[in-house]
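K.L.:
Following is a predicted model, sequence given first.
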Amino acid sequence: MSSTKFDMGDIDIAWCPGCGNFVILNALKQALVDLEIKPENLVMVSGIGQAAKMPQYLKTNYFNGLHGRSLPPATAIKASNREIVVIVESGDGCSYGEGGNHFIHAIRRNPDITNLVHNNMVYGLTKGQASPTSQKGFETSIQVKGVFNEPLNPIALAISLDASFVARAFAGDVKQTRDIIKKAIEHRGYALVDIFQPCVSYNKVNTYEWFKNNTYYLEEDYDPTNKTEAFKRSLEMEKLPLGVFYINEKPFFEESLSVYDKYEMPLYDRTPDFDKLSELIDSKRGF
Amino acid sequence: MSSTKFDMGDIDIAWCPGCGNFVILNALKQALVDLEIKPENLVMVSGIGQAAKMPQYLKTNYFNGLHGRSLPPATAIKASNREIVVIVESGDGCSYGEGGNHFIHAIRRNPDITNLVHNNMVYGLTKGQASPTSQKGFETSIQVKGVFNEPLNPIALAISLDASFVARAFAGDVKQTRDIIKKAIEHRGYALVDIFQPCVSYNKVNTYEWFKNNTYYLEEDYDPTNKTEAFKRSLEMEKLPLGVFYINEKPFFEESLSVYDKYEMPLYDRTPDFDKLSELIDSKRGF
Amino acid sequence: MGIDVLWNLKDGISIVLCGEAGQGIQTVEYILTHALKLSGYNVFSTKEFMSRIRGGTNSTSIRVSSNRVAAPVDRIDILIPFSKGAVDHLKNRISSETVVVGEEKIFEDEYRGDNSVNIPFSQIAAEAGGKIYTNTVAAAVLLGFFEVDLQMFYDYLEHQFSSKGDEVVQNNIEAAKHGYEACEELLEGKKLQIPKDDSIKDDLLVSGTETVAIGAIAGGCNFTSFYPMSPSTGVSTFLSKNAEEFGIVAEQVQDEISAINMAIGAWYAGARAIVSTSGGGVALMSEGISLAGILETPVVIHLAQRPGPATGLPTRTEQGDLLFALFAGHGDFPRIMLSPGTIEEAFYLSQNAFNLADKYQVPVILLTDQFLVDSNYNITTLKLDDLDVEKHIIETEEDYKRYKITENGISPRGVPGYGKGLVCADSDEHDEAGYITEDFDVRISMVQKRLNKLEVMKEDIIPPELVGSEDYKNLIIAWGSTYAAIKEAMENIDNDDLSMLHFKQVYPLHPDTAEKLEKAEKLILIENNATGQFGQLLKMNFCIDTHDKILKYNGLAFSVEEIENKLRSMLDQED
Amino acid sequence: MGIDVLWNLKDGISIVLCGEAGQGIQTVEYILTHALKLSGYNVFSTKEFMSRIRGGTNSTSIRVSSNRVAAPVDRIDILIPFSKGAVDHLKNRISSETVVVGEEKIFEDEYRGDNSVNIPFSQIAAEAGGKIYTNTVAAAVLLGFFEVDLQMFYDYLEHQFSSKGDEVVQNNIEAAKHGYEACEELLEGKKLQIPKDDSIKDDLLVSGTETVAIGAIAGGCNFTSFYPMSPSTGVSTFLSKNAEEFGIVAEQVQDEISAINMAIGAWYAGARAIVSTSGGGVALMSEGISLAGILETPVVIHLAQRPGPATGLPTRTEQGDLLFALFAGHGDFPRIMLSPGTIEEAFYLSQNAFNLADKYQVPVILLTDQFLVDSNYNITTLKLDDLDVEKHIIETEEDYKRYKITENGISPRGVPGYGKGLVCADSDEHDEAGYITEDFDVRISMVQKRLNKLEVMKEDIIPPELVGSEDYKNLIIAWGSTYAAIKEAMENIDNDDLSMLHFKQVYPLHPDTAEKLEKAEKLILIENNATGQFGQLLKMNFCIDTHDKILKYNGLAFSVEEIENKLRSMLDQED
Ligand SMILES: Cc1ncc(C[n+]2csc(CCOP(=O)(O)OP(=O)(O)O)c2C)c(N)n1
Ligand SMILES: Cc1ncc(C[n+]2csc(CCOP(=O)(O)OP(=O)(O)O)c2C)c(N)n1
Ligand code: SF4
Ligand code: SF4
Ligand SMILES: [Mg+2]
Ligand SMILES: [Mg+2]
C-alpha cells in the first residue's frame, strides 16, 4: 500500500503476523486519505484490546481510554468540538461485552461518529476467551465445553434500536472494507461497522477461509432503508451478508445541542458570560 | 382482590395513590397463587426505583440489590439453587438504562428467570427525569426541550437478540397482565415482560388513558414463534401491541451447568470432594 | 399559655413544616422564606425527607433570625402539621415552648406539647375557592406572625398563577388574605419582635445546590454528563435548565460510567466538564477517576454525600465518603478534594475546582452532602469580580508531546484541533508523546512526574480556617458542612479556650496543619459519620490522633444544640 | 573463560530464557523446571512479559538451587536468547560471569558480556526433523548442565505429543537427544555441582495462580463469575477447567459489575463464590463491594495487582492497590484483607477467605500480584487434613429475621429455600427483618451492628510473622509477595539486629502490631509501590511512622540483590 500522511514510519506493531487488524489499518488509512481528512482534525478513540491498539499506529490524535468505554468519550469529544472527525475503534469484547450499555445508548443518542468494531469473535489480548460474538460451541481455555450463550448479533441489535447506519465488512477484503468505512465516516450520525477480523492466534475456527466461505455481499440493488428487510437480512446465518444493511437518516446528537445554536466555535474556545451570570445570581434576590 | 398467602397485611406502601404499580402487584400475587408457588420457594430480585420496591410488598424472600443490577444476582441465585423460582422486578430506568448491559447479556445467557419491567417511561423515584423509554419530545425538569434520543424499544431489542420469551402487558388490565406473567413464569428460560405502567406523578403524557388508546392485544391466532414477524409487530407504533410477541424454546442457562449433571441439590448443600482435590494436588508432583 | 410563649422570642424563631411528600410543603417554604427575606429577615431552611414521592412524613425546618444563621436547631417554636403523624414524627423536638399551629383534626390524637392553636387551613381555603389553596393559606398564616409587605406576596401569587387564569389568581389572593387575617385575629394584632434589617432585602436566597451549580458556570463549566442520583441531581438539573443560556452541553446519560468517561473525553477536547453524583455513582466512576489520573486529564466531580453503604438512606445526609473518595480508583495518582463549609464556599470552591483541575491536570472532587445542597439561606452576594476562568490550554506546535517531562511535572496541555500538534492520550503507561510503552525507566519517570504534582500543588492548598482565638486549648477539627452548626454552638458556649479548625480542602492537607494541631491540648473531632474518617486522614498524614470525637450517623445533620451540649459536657469534664 | 565460570556455582544457578511472545519460552520453562524438580533440584521460576501475543521481548528467570528459593535474583548465570534483542533486553543484568548460550547469529550484534557459546539450536532441530523442535532442543541443552534422568524427559515428550503421531514424538525425542549431546560435548562431560535432594522429587511444583485456585476449591468455592483481566485470569481459568470435576458454576460474564453482583447473589443463595480480577476490575466492583457491606453477604474477591493507574502496565507487577481496596465502596462497613507472602500462604489464605467471609458476613479481599501468581516453585505439599469448610448457614424458623440484632453483631445467616423462614436482603437501610426503614434509631443500631464486627473479628486476625530474632533494632515492615526476596536478602546480610515483620492480613491489623513496631529503633518499609501505602495504613492505625522506605514501582518485582544492597547501605549508614 502506498504511503499516506497517517503513516507512523518504522514502528513496532504489537499484532501477530497475519492478523486481520493489519488489513483494517490499511483500509482505514486509505479511507482517511480518500476523504481528505487531516490528521490534526481526526481523533481516534479506543478502548483496550488488540483492536484498540489501532490508534497507536496512525499518525493522528487519539484517546485510548478504558476497556469497554470508548463510546462515551468519543461522544463527548464530538459534542465539544464538532469540527473534529471522531472514529471509535475497538474489539468485539470491548464494544459488545464490557461496553454493551454504551453501545445501545450511543445508538439511541446518535452522535455523528463512526464506530469500527474489529469482530474476531474472541478476546485476543487476554489470550483467547470467548467474546460476546463467539459462536456456539467455540472452545477456549475457559469455555472448555464450548460456548453456551447465544452469540450477540450486533447488526440485528443495531437495527432493532433504529441505528442510523449499520454495516458489516470483512478484513479479508481491503477495498470493500475501505469503501464501507468511507460511507460510514461520511454518514452523519452514529455509524456502526462490524468488521469480521480473523485472529490467527486464538480463533482457529473463524479463519480467513471460513469468513470467505461464509460471507457474501448484499446485492447492488439492495435497499438499505427498509428496516424489516434489513432485520431479516441481519438474521441470515447460512451465509453472512456483508455491506451496508441499514441507513436511517435522522437528526444527530450534536444537532440537538443548543450550544451550537448561536456560536460555531468549539467549547475550548469559550468563556462564560459573566454578565448573564450576574443576572442569574441577581434573580435570586427576588421571589 | 382476595387475600393471598403473599399478603403483607397492613403495611405502608410507598407508592403514590393511583400508581400503576398497585395493579402489577395484584396481578403478580394472583399469578403466584394460580401457579401455586410457595413464598419460601420464591426469590424476588430487584434493583432500585419505585418499581423495585415491589418485593417489599410481598411476603416472600427477596434480594433488593443495586440500581440497575438485578439480573446478575438473579441469574446467580437461580444457578445456585434451581429449585427456586426467581422473578426480577424493576423499572425501565433500572432495567434498560443503568442495567442495559445486563439486560442484553441475560438474554444471551437465557437463565430460567422472569423479568418484569415496570415501564412508566420515566424515572419515578428520582422525580421525573426521562428514562430510556421516554418518548421523543417528553419534557422534564432536565430534558427541558424535550427528549431527543430515540426511545429504546425493549421488545424489538429482545427479539433481535433471540430472547426466549418476549411479552408486553399494560397495568391497566390486571387480568391479562396476570395471565401474561403466568406464561412468563411458566416459560423455561429468560422471559421478559415489559409492562406499561402509568406514573400518575411524573408522566402526564403516557397516562392510563393514553395507554388504553394506544395499545391493543395481539390477535388470538398470532404466531409467536416467527421471529421476523415478531420483530415487525414490535415496530408497530401507531398502536402498540400487547401480549406475547415471541417464544423461542431453547436450552436455558442452568442446563449448561455441569454442577447439576450428577447431583440435584442446591449449592448451599455441598462440600468439596477433598479426595479428588488431593488427587489434583498430587498431580502437581509430576510433569 | 398558647401562643403567648412566642412573645419571649427576640433573636429568632424556629418554624417547622411537616407533612406528606406531595403535599406542597416546599411551596410553603418557598413563599415563607422568600417573603421574609424580602421583608428584611434573615432566613434559613433545611429539609429532611423520605425516599418516596407521595405520603410518608417529611419536614422542613425554617429559622427566621436577627443574625445570619446557617445551621439547624432542634428547638421548634412553631410547628405546622400538614398531615396525621406529623406532630408525632417530631415529638422529640416538641417542648413546652412549642406552639402547634394548624388544623386540630390533623393532630388531635398525637402528642403535641402544651400549646396548640386551631387554624382551619383547609376550611379557609375552601371558602376562598377550594382545598387546593391550603398551602397558600398556610403560608399566609405564617407570614401573619411577621411584619411583611403583603403586596409582595400577592404579586408573587399573581405571577405564579397567571398562566392558570384570573380565577385561580384571585382565589389564591383571597386565600392569602383570609389566612393572614386568621393569624392577625389569633395574635390579636401582635407581631413577633424579631429585628429586621433593610439591607437583607437585597440578599440572595439560595441553596447549596444552586451555589454549586452557579459556581460551576462561573468556573467555565460548559459540559455536564450525569445520571440522576439523590442528593446530587439538583446540580445537574440546574445546569440543564441553564444549558441554553450559558452554552452548556448537558446530557443525561445511561449510567455513571458513561458520565465520567464522557466528562473526561470532554476535557480532553478542551471543554470544562463536571459530573454530579453521590457515593454510589462515584463507586461506579472509580475506574474513570483512575483513568483521569493516568491521562492527566482534568475532571471535576461533585460528590453529594448520603448515608451508605450501597443504597443506604438515599435522601439523608452523611459525611461518609471521605476516605472512599480519597482512594477511589486503582493505582497511585494525585487528586484534590474540596469540601465547602457553607453555601458561599460551595460557590467559590466549585468555581475554583475547574481552575485547579485545569492547572494541575488532576481530578478534583467537590464533597458536599444532602444537608448542604438542600439548605437555603440568605447571603449578601456571590462575587464574580475577582474570579477568573483560568484556562491552561496551549496551542500546540508540530512536535507537541502531551506528556513532556517538565521541571514541575506538569506538561502543557494541548487539545485536538488547536494548533499543529497531535494530542495522544493513553490509559496505558506511555512515553512523553503518549504512546504505549513498557520501558521501565519511562515508567518511573511518569509515576514521579504524576506524583510530583502533590508537591507543586502545595502553593494552592486552601488553608483551614481557624474559628475562634489563636490561643486555643481545645481545638475542634471539622470539615465540610458541619461548619455553621459548630460555629453557632461555639458562639453559644463562648469559651475562649475553644477554637475550631475547619477544613475546606480535605486533600492534600495544608502543610501548616500539623503545627496547628500540635498547639492544642485537646483535639475534638466532629464528623457526620460513624468512624471519624477525617480523623483517620489526619493520623495518616501527620500521625496525630484526636482525643475526643463527636460523631453522628443516623442520617441527619448536627443540630446546634446537639453539638453545644456535647461540647459543654466535654469541656465540663475537664474542669 | 567461556563456560568455565559456571563451575564456581555450588549453591544454585540462575538461568534466564528470553525471546518473543509466541516463541514457546514457557514450554522450555515448563520442561526444565519439571524435569529438574523431578530429578531432585529445587526450582523457582518467574516471568516478566509484555502485553502482546506475538513479538516483543519477554523473559523467564529460573533458579535451580540447593535451598528452597522463591525470589528473583538479578544475577544471570546462563542466558538463553531466543530472538534478536533478547540479550540487549537484559544487558543490565549481564555480568562478566554470565554465559550466553545459544545461536550466535541471534545475539552477535548485541552486548553479551564476556562469555558466550554457540549452540545452533535450530540447526540441531532441523536435523531432527524441523525447526519446530527448537524448543525441545533448547530444553535438552539446558538439562545437559544437570544430572537428570533423561528417560523422564522422553516419557514426557511421548505423552505430550502422542496425539500428533509417532513421527512427531520420535522427532522430539531425537531433538532432545541431540540437544543433550550438544551440551555434553560443550561441557566435556562435566555437570553443575548443585546439590540434589531425593525428597524434592515428590514435591509439588505449582504457581501462585494454582495455589489461589486450589485454595478456593478447598474453601468450598462452588461459584465463580468473572471477566478476564491480567494477571487474574489464570485463577478463573483454573476454576473453569476444574468446574465439572469439583462442581463449580464457572461463568465468564459481560463485565466486572456483573461478576461481583452475581457472586453476591450466589452467596445470598448459599453458594460460596469468588471473583478474580485486577485493580481496574475492583474499581468497577466498588459499588458491589459496598452492596456486600450493607447486605452483610459474604463475598471473596481475588485482586491480582498490576501497575496502575487505569490500564497502566497490564502484565506487570505492583502492590499499588492496597489503600484503594481498603476503601473501595462508599460508606462505612468492615472488610477483611489478606495478602499472601508465598504461594503456600496463597493456598491457605485463599481457603480461609471463604470461612472468614462466611463467618463474619463481610467481603474478604485476597491481594496478590502478578509476581506472585505468575511465579512457580516446588513446595512439599498443600495439606488438606486440617482444613474445614466452615459453613455458617442456619436452617431458618418461621419468624426468621435476616438482620437480627445479636450480642456480637452477627446475625445468623439463612438462605432462601432452606427452612421455613423468609430471607430478605436489602441494599437500603433496613430493619431486622430486612425491610426498608428510615427510622433513625434503627439506622444507628444497624451501623453499629455492622461496625461491631471489627471488634468481633479480632479473634481471627492472622498475626504478622516475625522473621529473624525477637531482639531486633531494625525492623523491616512488609506485606504480601515481597516476603521471599526480603527474607533471602536478610539471610545474605545475616545481621542479628535486623528482623522483618511480615503481614499476611493487611486489614484489620493485628492489635499487637503497635507494640512490635514500637520495639524497633528503626522501621524500614519495603513495598512494591510508589507511595508506601502500607506505611500510610500503619500511620492511620497506630500513629507510627516508618523511618526508611524501599519502594519500587517500575513494574517489576524486587530482586534479592536490590533489597540486599539497599538494606546494607541503610544499615551501614547507621554505624
Ligand atoms: C475493566 C477491564 N476489564 C478487563 C480488562 C482486560 N482486557 C483487556 S482487553 C480484553 C478483551 C479484548 O477482547 P476484544 O475487545 O475482543 O479485543 P481483541 O483483543 O480481540 O482485539 C480484556 C478482557 C481490562 N483491560 N479492563
Ligand atoms: C448507581 C445509582 N445511580 C443512580 C441511582 C438513583 N436512582 C434510584 S432509582 C432511579 C431511577 C428510577 O427509575 P426507574 O428505574 O424507571 O424506576 P421507577 O422509579 O420509575 O419505577 C435512579 C436514577 C441509584 N440508586 N444508584
Ligand atoms: S491475538 Fe489475534 S487479534 Fe491479537 S494481534 Fe494476534 S491475531 Fe490479531
Ligand atoms: S412516582 Fe410514579 S411510579 Fe412512583 S409511585 Fe408515584 S405514580 Fe408510581
Ligand atoms: Mg476480539
Ligand atoms: Mg420508570
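P.N.:
Cool, the structure landed. Ligands and ions are numbered 1, 2, ... in the order given.
K.L.:
Surely residue C:172 is in a helix?
P.N.:
Yes - counting by DSSP: H, G, I helix; E, B strand; the rest coil, residue C:172 is part of a helix.
K.L.:
Show the contacting residues for the closest residue in space to it that isn't next to it in sequence.
P.N.:
Nearest residue to residue C:172, sequence neighbours excluded (Cβ to Cβ, 6 or more residues apart in numbering or on different chains): residue C:157, at 4.3 Å. Just so you know, the C-beta spots here come from the backbone N, C-alpha and C atoms, and that holds for glycine as well. By Cβ atoms under 8 Å, 6 or more residues apart in numbering or on different chains, the residues touching residue C:157 are C:136, C:169, C:172-173, C:176.
K.L.:
Just send these back as CSV, with neighbour count and pLDDT too.
P.N.:
Below are the contacts of residue C:157 laid out as CSV (neighbours: other Cβ atoms under 10 Å in any protein chain shown; pLDDT from 0 to 100):
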residue, neighbour count, pLDDT
C:136, 30, 96
C:169, 18, 95
C:172, 27, 95
C:173, 21, 95
C:176, 25, 96
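K.L.:
follow-up on the earlier one: so the residue nearest to residue C:172, which state does it fall into?
P.N.:
Classification of residue C:157 by three-state DSSP places it in helix.
K.L.:
mind checking how far it is from residue C:149?
P.N.:
13 Å (Cβ to Cβ, to the nearest Å).
K.L.:
residues in the stretch 351-500 of chain C within reach of chain A, list them.
P.N.:
The stretch 351-500 of chain C comes close to chain A at residues C:381-382, C:384, C:389, C:391, C:393, C:415-428, C:434-436, as judged by Cβ under 8 Å from any Cβ of the partner chain.
K.L.:
so of the residues you listed, which ones are in strands?
P.N.:
Those of those mapping onto strands are C:393, C:415-419, C:424-426, per DSSP state E.
K.L.:
Get me the contact residues on the stretch 1-150 of chain A for chain C.
P.N.:
A:39-41, A:43, A:45, A:48, A:53, A:55-56, A:59-66, A:69, A:71-77, A:79-81, A:83-84, A:101-102, A:104-105, A:109.
K.L.:
Filter those down to the buried ones.
P.N.:
Buried by 16 or more other Cβ atoms under 10 Å in any protein chain shown: A:40, A:43, A:45, A:48, A:53, A:55-56, A:59-66, A:69, A:71-77, A:79-81, A:84, A:101-102, A:104-105, A:109, out of the residues of the stretch 1-150 of chain A next to chain C.
K.L.:
Is residue C:285 in contact with residue C:321, as I believe?
P.N.:
No - between residue C:285 and residue C:321 there is no contact under Cβ atoms under 8 Å: 12.0 Å.
K.L.:
the more surrounded of these two?
P.N.:
residue C:285 (34 against 30; other Cβ atoms under 10 Å in any protein chain shown).
K.L.:
Mind telling me what element that one is part of?
P.N.:
If you go by DSSP states H and E, residue C:285 is part of helix C:279-295.
K.L.:
Near whichever residue of the stretch 51-200 of chain A sits closest to ligand 1, how many residues? Count them for me, please.
P.N.:
Proximity of the stretch 51-200 of chain A to ligand 1 (Cβ to the nearest ligand atom) peaks at residue A:91, 2.2 Å away. By other Cβ under 10 Å, the residues close to residue A:91 number 34.
K.L.:
can you check residue C:88 too?
P.N.:
Residues near residue C:88, counting by other Cβ under 10 Å, number 16.
K.L.:
what's the helix or strand for the most centrally placed residue in chain A?
P.N.:
Among the residues of chain A, the one closest to the centroid is residue A:115, at 1.7 Å (Cα atoms, centre = their mean). According to DSSP H and E, residue A:115 maps onto strand A:114-119.
K.L.:
same thing with residue C:274?
P.N.:
Assigned by DSSP H and E, residue C:274 belongs to strand C:273-277.
K.L.:
Helix C:279-295 and that strand, what's the angle between them?
P.N.:
Per axes from the mean of the first three to the mean of the last three Cα atoms, to 10 degrees, the angle that strand C:273-277 makes with helix C:279-295 is 150 degrees.
K.L.:
And strand C:273-277, what does it pack against?
P.N.:
If contacts are counted by 3 or more Cβ pairs under 8 Å, 6 or more residues apart in numbering or on different chains; DSSP states H and E, strand C:273-277 sits against strand C:223-226, helix C:233-241, helix C:256-268, helix C:279-295, strand C:299-305.
K.L.:
now, of these, which is deepest in the fold?
P.N.:
helix C:256-268 (a mean of 32; mean count of other Cβ atoms under 10 Å in any protein chain shown).
K.L.:
hmm, that helix in reach of ligand 1?
P.N.:
No - Helix C:256-268 lies out of reach of ligand 1 by Cβ under 6 Å from any ligand atom, never closer than 10.2 Å.
K.L.:
quick one, what contacts residue C:361?
P.N.:
C:296-298, C:392, C:410-411, C:413, C:453.
K.L.:
er, residue A:276 actually
P.N.:
Applying Cβ under 8 Å, 6+ apart, the residues near residue A:276 are C:245-246.
K.L.:
Can you pull the phi/psi pair for it?
P.N.:
For residue A:276, the backbone dihedrals (degrees, to the nearest 10) come out as phi -60, psi -40.
K.L.:
swap in the one 3 residues further on?
P.N.:
Dihedral pair for residue A:279: phi -60, psi -50, per degrees, to the nearest 10.
K.L.:
so how far is ligand 3 from it?
P.N.:
57 Å (Cβ to the nearest ligand atom, to the nearest Å).
K.L.:
cool, residue C:43 as well?
P.N.:
Residue C:43 is 65 Å from ligand 3, by Cβ to the nearest ligand atom.
K.L.:
Can you tell me the SS state at that residue?
P.N.:
Here residue C:43 is recorded as strand under three-state DSSP.
K.L.:
Tell me if I'm right that residue C:26 and residue C:60 touch.
P.N.:
Yes - shown here, residue C:26 and residue C:60 form a contact pair, counting by Cβ under 8 Å, at 7.0 Å.
K.L.:
between those two, which one's more packed in?
P.N.:
residue C:60 (24 against 16).
K.L.:
what's near enough to touch that one?
P.N.:
Contacts of residue C:60 by Cβ under 8 Å, 6+ apart are C:16-18, C:25-26, C:28-29, C:45-47.
K.L.:
pLDDT, secondary structure and distance to ligand 1 added to the residues you listed, as CSV?
P.N.:
Output for the contacts of residue C:60, formatted as CSV (pLDDT from 0 to 100; DSSP: H, G, I helix; E, B strand; the rest coil; distance: Cβ to the nearest ligand atom, whole Å):
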residue, pLDDT, secondary structure, distance to ligand 1
C:16, 98, strand, 48
C:17, 98, strand, 48
C:18, 97, strand, 47
C:25, 95, helix, 45
C:26, 95, helix, 42
C:28, 96, helix, 49
C:29, 97, helix, 45
C:45, 98, strand, 44
C:46, 98, strand, 40
C:47, 96, strand, 39
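K.L.:
Looking at those residues, which two lie furthest apart in space?
P.N.:
C:28 and C:46 (14.5 Å; Cβ to Cβ).
K.L.:
Direction included, what does the host helix or strand of residue A:242 pair up with?
P.N.:
Following DSSP H and E, one finds residue A:242 within strand A:240-247. Here strand A:240-247 has these sheet partners by DSSP bridges: strand A:165-170 (antiparallel), strand A:215-217 (parallel).
K.L.:
quick one, which of those is packed in tightest?
P.N.:
Comparing these by mean neighbour count (mean count of other Cβ under 10 Å), strand A:165-170 ranks first with a mean of 27.
K.L.:
Dump the helix or strand that that strand is followed by to CSV, restricted to CA.
P.N.:
Next along the chain after strand A:165-170, taking DSSP H and E as the criterion, comes helix A:174-186. Output in CSV follows, covering the C-alpha atoms of helix A:174-186 (Å, rounded to 0.1, in the frame of the first residue of the first chain):
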residue,chain,number,x,y,z
VAL,A,174,-9.3,-4.3,1.9
LYS,A,175,-11.1,-2.5,-0.9
GLN,A,176,-14.6,-3.1,0.1
THR,A,177,-13.8,-2.6,3.7
ARG,A,178,-12.2,0.8,2.8
ASP,A,179,-15.4,1.7,0.9
ILE,A,180,-17.7,0.7,3.7
ILE,A,181,-15.6,2.7,6.1
LYS,A,182,-15.8,5.7,3.9
LYS,A,183,-19.5,5.5,3.7
ALA,A,184,-19.7,5.2,7.5
ILE,A,185,-17.5,8.2,8.0
GLU,A,186,-19.4,10.3,5.5
